[in-house]
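> Provided below for reference: sequence and predicted model.
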Amino acid sequence: MRRVAFLLFALVLPGVAAAEDAWTTRAVDALRWPGQEVVSVRLEAGSRVVVVVRDDTMVRVRHEADYGWVPLDALSAEPPADLPPEAPAAPDDPPAEEAPARTG
């Protein structure tokens, strides 16, 4: 049983990439399944996505809460030059307001 689990792990591992950011180079439909025409989400040119899995010519990406497959040639590792700089991240937890001091 361990051999089967190891073999499955070894076969799947090459297609799994560490999470990395990428940007779409053109408007593209992210497909629910590769080779089918079911659109999961429409991505505009310059959309930031997270690469989940790479295949030969298709890449599974996450954009916000949506997932889909896009052609490899529709992605770039570099953000578009005309992309505005990102705003600083908001703190996870805003500071709590202090309770008024008790008197008496």
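Good, I have the coordinates.

> can you pull out the strands in the protein?
For the chain, the strands defined by DSSP state E cover 16-24, 28-31, 39-43, 48-54, 58-63, 66-71, 75-76.

> could I get those as a markdown table with distance to residue 82, mean neighbour count and mean pLDDT?
Bear in mind the C-beta positions are built from the backbone N, C-alpha and C, glycine included. Formatted as a markdown table, the strands of the chain follow (distance: least, CB to CB, whole Å; neighbours: other CB atoms under 10 Å; pLDDT from 0 to 100):
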| stretch | distance to residue 82 | mean neighbour count | mean pLDDT |
| --- | --- | --- | --- |
| strand 16-24 | 11 | 13 | 79 |
| strand 28-31 | 18 | 20 | 97 |
| strand 39-43 | 17 | 17 | 96 |
| strand 48-54 | 14 | 17 | 97 |
| strand 58-63 | 19 | 21 | 97 |
| strand 66-71 | 21 | 20 | 97 |
| strand 75-76 | 13 | 16 | 96 |
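
> what's the distance between residue 58 and residue 36?
To residue 36, residue 58 is 11 Å away according to CB to CB, to the nearest Å.

> Let me fix that, I meant to ask about residue 82.
Taken as CB to CB, the span from residue 82 to residue 36 is 33 Å.
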